[in-house]
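This is a predicted model, with the sequence first.
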Amino acid sequence: MARRGCGLACLAAVVAVAASGLTSNYELVRELAWIRGTGYAALAALLLALTASPLAALARKLGWRWANGATVGAFRRAFGLSAATLASLHAAVALTTYLWGAWEALLHQPFLRSGALALAILLAMALTSFPRLVSALRLELWKQLHVLGFIAALLVLHHLLLSPFASRTLVLCVFLFAALLAPLRLLRRRRSGGGAPRPSSP
């Protein structure tokens, strides 16, 4: 259910982004709309994956019993895979439109480097989200690897703050809201006896 729901949400986001770009008669405006739209959609999926546990704790506090561990884990994984997929689409759109013929900018522009590194981390995490693949590759540190999701989020923040096309106010508000959710998970751990923390990952 989680995978199907996130998949449908991703599809709806892509359709909405494509439609918003087609409303303009100017090629550059269309391209920038597609770049921004896919980027913001990837950001939303990543932050939902990283804040799945705090959001579930809030949901349980409000009496929503469906927010159990198995459901939260399924949605975290689905949102993580969605983030990697949408980030890949964002990069593909940027490289085939605005950055076409100027790929060397990836080496010279700091915000493009941080975006590329964040994408690499998300793709590596996506690969380790499949149990059969993890077992086949005999990966023993895949849980630690998924902690890099927070590093990816910081790289995305750097990418957006330096990008000439992103709204800094919107980006800062979204990240601040996500950061304010973190104490909810810490309170839950304290009440449960303070066991070993489990990594939150896309």
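Thanks, I have it. Numbering: from 1, shown residues only.

now L122: how far from G21?
In this view, L122 and G21 are 23 Å apart by Cβ to Cβ, to the nearest Å. C-beta here means a position set from N, CA and C on the backbone, and glycine is covered the same way.

So for the longest helix along the chain, what gets flagged as buried?
Longest helix in the chain by number of residues, with DSSP state H as the criterion: helix 69-96. For helix 69-96, a neighbour-count test (16 or more other Cβ atoms under 10 Å) marks 71-91, 93-94 as buried.

Give the residue from L122 and G21 that has the larger number of neighbours.
L122 (29 against 21; other Cβ atoms under 10 Å).

Give me the nearest residue to the more buried one, chain neighbours excluded.
Spatial nearest neighbour of L122, chain neighbours left out: A84 (4.2 Å); criterion: Cβ to Cβ, 6 or more residues apart in numbering.

Contact partners for that neighbour?
A84 sits next to 119, 122-123, 125-126, 202 when contact means Cβ atoms under 8 Å, 6 or more residues apart in numbering.

Just the buried ones among those, please.
With burial judged by 16+ other Cβ under 10 Å, the buried subset of the contacts of A84 is 119, 122, 125-126, 202.

Next, find the distance separating R132 from G149.
Counting by Cβ to Cβ, the gap from R132 to G149 is 21 Å.

hang on, the earlier thing: for the buried ones among the contacts of A84, give me CSV that also has pLDDT and distance to A13.
Below are these laid out as CSV (pLDDT from 0 to 100; distance: Cβ to Cβ, whole Å):
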residue, pLDDT, distance to A13
L119, 96, 17
L122, 94, 16
M125, 86, 20
A126, 87, 17
P202, 54, 16
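
out of the residues you listed, who's nearest C6?
P202 (11.0 Å; Cβ to Cβ).

Let me see the ranges of the helices in the protein.
2-22, 27-50, 52-61, 69-96, 105-108, 110-127, 131-137, 142-146, 148-162, 168-191.

quick one: the first one to helix 27-50, angle?
It stands for helix 2-22. 160 degrees (axes from the mean of the first three to the mean of the last three Cα atoms, to 10 degrees).

rewinding a little: what about R132 and G149, which has more around it?
G149 (22 against 7).

on that earlier part again, least reliable of the helices of the chain going by mean pLDDT?
In terms of mean pLDDT, the lowest-scoring of these is helix 142-146 (a mean of 63).

mind giving me TSV with the buried ones among the contacts of A84 and columns for distance to A182?
Formatted as TSV, these follow (distance: Cβ to Cβ, whole Å):
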residue	distance to A182
L119	24
L122	20
M125	19
A126	23
P202	16
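
Please name the residues that touch the spatially most central residue of the chain.
Most central in the chain under Cα atoms, centre = their mean is L46, positioned 1.8 Å from the mean C-alpha point. Counting by Cβ under 8 Å, 6+ apart, L46 touches 79-80, 83, 87, 122, 149, 152-153, 156, 202.

Okay then, goodbye and thanks.
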